[in-house]
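Peer 1: no letters, just coordinates:
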């Protein structure tokens, strides 16, 4: 028979036990929340610093003129860098988008075999590759062969960085198109290529555009491969065979100069770059969230998985 | 409504399209192969001169006539910075993933994961700029100087007056940069844990933390390790922020002994010395050789990580469907 005293004692043990566990639970929740804060603080700090320091440098001249002589009072602008970044993005997309989309089509529509799995695997590996290695590869392959730093070399390097992201997102968005669409089209006797290009692609358009834009945002901020390929320049573009400038490269160069006005310009260039990259990212995610809900969004992380 | 393309060309077009797609897919493999071939041929002179001493040596002299190259300090520097970054970044990332997948209220989840993903979108050169002019000063005053004063020159790892441009600063910024990678993947892996696992633990009266520890962690362990290794791959290859913050010493001085001393990594020495090296010289060959080592390291890390992550996601999808 359990006495009243024993029962009270059990209750005490129970409270002690549960209480301890609840306290641990609270502590862990607090720590975990702290982790989230710890990750958000740097982002906030970066945004605040870039906006406050960068907006001071912004002006029409800053955005359009060539940089002044190093160390002179007139620091000039970052016109060539903006032009170079836009040229490089356009040129790389000309290679990266068609090849990436075709690769994605292959993986999704023809890739359910050993070869497809191999390509998918190496595509994922390539997506996580150190970009500096791709840069020095483009240097050996293009710059040393052609004999000079050029837009071509930069384009080649950046298109390699774009490619796996686009391939992956294209594959994922094609796979989201229901199999019944394909079956219905095949039943009508439509050839496979026409099914893919005219029916499947039009359904998967949103996801693919998302992937392409994310790839563009990614290469817009790449610096390391550009050091080895386009070299940087303080003049506007002079043909595809010569060196050009790019925003990330200019930021790096400016930040290593010991002059206050150079550093101020570096912040200005950083503001332009971060506005470009973050607006693409936020815009894309906003549209994806609005249109497709969470399922697609989870699959939209090019190359991460 | 779209016109139905019934007359869709001959069988030849179909074949042609498939071959085109296959060629685009093969392009990826060709690129990887070309990377290997080009890096090996580009670095051949330095391997011929130094042999395996290139991997183990620590001399770094690019003066004409007395040229001598050894990459050991930079290989070590890469692993030390990446290791410290992992030690800081992985626990925080797992915490974030736990919060986002288990604890956060529904309305907070999407915006919070968006913010974390934006951290991954910030270009590395901007992390470098921010680290150089903002973060370094805080870190020096609030963390490095107190640590140095507390343990002083007697301890090895905290020796040397902190200046801010050192291995520690580079590692901390590196940690900030790999947190989004690891936490987003970890979150997805945790979301892939079947709810029946959680429910079983809840039914036994477990608290949230106990559910996480008893049901979620064991189920997702190898995937989390894979996520961490992917983060390691990113940390190993990261260039700009490290180059701007690590202080850039060369030769034997670059051996990482103290946290508060300038160091050098494989990627940072490539970025730093590229402009000084003549295009066909031995110096350039040495830099390409370091690129080759970095390639091998990153390739290995990524393959292991992808195998781990892919296996978890696949087996879990199977489990959910069953």
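Peer 2: Now that the structure is in, tell me what you want to look at. Keep in mind that what you see is a predicted model, and the values were worked out from it rather than measured.

Peer 1: remind me which residues of the chain are low pLDDT?
Peer 2: No chain specified, so I'll use chain A. The model of chain A has pLDDT under 70 over residues A:289, A:291-305.

Peer 1: the intended chain is chain B.
Peer 2: Checking chain B against pLDDT under 70 turns up B:1-10, B:152-154, B:312-322.

Peer 1: ranges for the strands of it?
Peer 2: B:60-61, B:68-69 (DSSP state E).

Peer 1: most tightly packed of the ones you listed?
Peer 2: Across these, averaging neighbours per residue (mean count of other CB atoms under 10 Å in any protein chain shown) puts strand B:68-69 on top, at a mean of 20. Where you see a C-beta, it was placed from the backbone N, CA and C, and this is true even at glycine.

Peer 1: outside of it itself, list whatever touches it.
Peer 2: B:46, B:49-50, B:54, B:57, B:59-62, B:282-283, B:286, B:289 (CB atoms under 8 Å, 6 or more residues apart in numbering or on different chains).

Peer 1: re the thing from before, could I get the strands of chain B as TSV with distance to residue B:99?
Peer 2: TSV is the format used below for those (distance: least, CB to CB, whole Å):
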stretch	distance to residue B:99
strand B:60-61	45
strand B:68-69	47
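
Peer 1: and those: which comes nearest residue B:273?
Peer 2: strand B:60-61 (9.0 Å; CB to CB).

Peer 1: show me what that closest one is packed against.
Peer 2: strand B:68-69 (3 or more CB pairs under 8 Å, 6 or more residues apart in numbering or on different chains; DSSP states H and E).

Peer 1: given the strand it packs on, what are its sheet partners and their directions?
Peer 2: Strand B:68-69 sits in its sheet next to strand B:60-61 (antiparallel), going by DSSP bridges.

Peer 1: for the contacts of strand B:68-69, which one is nearest residue B:208?
Peer 2: Once CB to CB is applied, the member of the contacts of strand B:68-69 that ends up nearest residue B:208 is residue B:289, at 51.0 Å.

Peer 1: that closest one touches residue B:48, doesn't it?
Peer 2: No. With contact defined as CB atoms under 8 Å, residue B:289 does not reach residue B:48; the gap is 10.6 Å.

Peer 1: which one of the two has more residues nearby?
Peer 2: Applying other CB atoms under 10 Å in any protein chain shown to residue B:289 and residue B:48 shows that residue B:289 carries more neighbours, namely 24 against 11.

Peer 1: separation between the nearest residue to that one once chain neighbours are set aside and residue B:285?
Peer 2: Nearest residue to residue B:289, sequence neighbours excluded (CB to CB, 6 or more residues apart in numbering or on different chains): residue B:43, at 3.6 Å. Per CB to CB, to the nearest Å, residue B:43 is found 5 Å from residue B:285.

Peer 1: tell me where the chain has helices.
Peer 2: With no chain named, the answer covers chain A. Residue ranges of the helices in chain A, as given by DSSP state H, are A:4-55, A:60-64, A:79-105, A:114-127, A:131-138, A:144-146, A:151-175, A:179-187, A:192-194, A:201-220, A:224-229, A:247-255, A:260-292, A:294-299.

Peer 1: actually chain B
Peer 2: Under DSSP H, chain B gives helices at B:11-50, B:53-56, B:72-98, B:106-121, B:124-130, B:136-139, B:145-151, B:167-191, B:195-203, B:208-211, B:217-237, B:240-245, B:266-273, B:282-321.

Peer 1: residue contacts, residue B:288?
Peer 2: Residue B:288 neighbours (CB under 8 Å, 6+ apart): A:136, A:140, B:39, B:42-43, B:46.

Peer 1: mind putting those residues in CSV, neighbour count and distance to residue B:30 included?
Peer 2: Formatted as CSV, these follow (neighbours: other CB atoms under 10 Å in any protein chain shown; distance: CB to CB, whole Å):
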residue, neighbour count, distance to residue B:30
A:136, 34, 18
A:140, 23, 16
B:39, 24, 15
B:42, 22, 18
B:43, 23, 20
B:46, 23, 26
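
Peer 1: what does the stretch 201-322 of chain B have sitting close to chain A?
Peer 2: Contact residues (CB under 8 Å from any CB of the partner chain) of the stretch 201-322 of chain B with chain A: B:207-210, B:212, B:230, B:233-234, B:236-240, B:244, B:267, B:270-271, B:274-275, B:279-280, B:287-288, B:291, B:294-295, B:298-299, B:302-303, B:305-306, B:309-310, B:313.

Peer 1: selection in ChimeraX covering whichever of those are buried, please.
Peer 2: Command for ChimeraX that selects the buried part of these, burial taken from 16 or more other CB atoms under 10 Å in any protein chain shown:
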select /B:207,208,209,210,212,230,233,234,236,237,238,239,240,244,267,270,271,274,287,288,291,294,295,298,299,302,303,305,306,309,310,313
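
Peer 1: residue contacts, residue 170?
Peer 2: Assuming you mean chain A. Here residue A:170 is in contact with A:100-101, A:103-105, A:108, A:204, A:207-208, A:211 (CB under 8 Å, 6+ apart).

Peer 1: meant chain B, my bad for not saying
Peer 2: B:81, B:241-242, B:245-247, B:263, B:265.

Peer 1: hang on, isn't residue B:53 packed against residue B:47?
Peer 2: No. Taking contacts as CB under 8 Å, residue B:53 lies outside contact range of residue B:47: 9.7 Å.

Peer 1: and for stretch A:76-84, what are the contacting residues?
Peer 2: A:61-68, A:230, A:233-237, A:244-247, A:249-250, A:265, A:268-269, A:272.

Peer 1: what sits closest to residue A:141 if chain neighbours are left out?
Peer 2: Nearest one to residue A:141, counting by CB to CB, 6+ apart, is residue B:38 at 5.0 Å.

Peer 1: count residues in the vicinity of the one you found, would you?
Peer 2: Residue B:38, neighbours per other CB under 10 Å, totals 22.

Peer 1: tell me how far it lies from residue B:231.
Peer 2: 28 Å.

Peer 1: then residue B:213?
Peer 2: Residue B:213 is 22 Å from residue B:231, by CB to CB.

Peer 1: more neighbours, those two?
Peer 2: Taking other CB under 10 Å, residue B:213 and residue B:231 do not tie; residue B:231 has more neighbours (29 against 16).

Peer 1: quick check, residue B:211 in contact with residue B:98.
Peer 2: No. Contact criterion CB under 8 Å: residue B:211 and residue B:98 do not qualify, at 10.4 Å.

Peer 1: more neighbours: those two, which one.
Peer 2: Taking neighbours as other CB under 10 Å, residue B:211 and residue B:98 compare with residue B:98 leading, 27 against 20.

Peer 1: show the contacting residues for that one.
Peer 2: So residue B:98 contacts A:32, B:190, B:212, B:216 (CB under 8 Å, 6+ apart).

Peer 1: quick check: closest non-adjacent residue to the last one.
Peer 2: Leaving aside its sequence neighbours, residue B:216 sits nearest to residue B:193 (CB to CB, 6+ apart; 5.2 Å).

Peer 1: ok so, going back, in a markdown table: the contacts of residue B:170, plus distance to residue A:115.
Peer 2: Below are the contacts of residue B:170 laid out as a markdown table (distance: CB to CB, whole Å):
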| residue | distance to residue A:115 |
| --- | --- |
| B:81 | 38 |
| B:241 | 38 |
| B:242 | 37 |
| B:245 | 43 |
| B:246 | 42 |
| B:247 | 47 |
| B:263 | 43 |
| B:265 | 36 |
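
Peer 1: now these in TSV, with neighbour count?
Peer 2: Converted to TSV, the contacts of residue B:170 look like this (neighbours: other CB atoms under 10 Å in any protein chain shown):
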residue	neighbour count
B:81	31
B:241	26
B:242	34
B:245	29
B:246	29
B:247	20
B:263	30
B:265	34
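
Peer 1: what about residue 116, neighbour count?
Peer 2: All of this refers to chain A. Residue A:116 has 18 neighbours, counted by other CB under 10 Å.

Peer 1: my bad, chain B
Peer 2: A count of neighbours around residue B:116, defined by other CB under 10 Å, yields 23.

Peer 1: contacting residues for residue 103?
Peer 2: No chain specified, so I'll use chain A. A:119, A:123, A:163, A:166-167, A:170, B:21, B:24-25, B:27-28.

Peer 1: hmm, I had chain B in mind actually
Peer 2: Contacts of residue B:103 (CB under 8 Å, 6+ apart): A:29, A:32-33, B:208.
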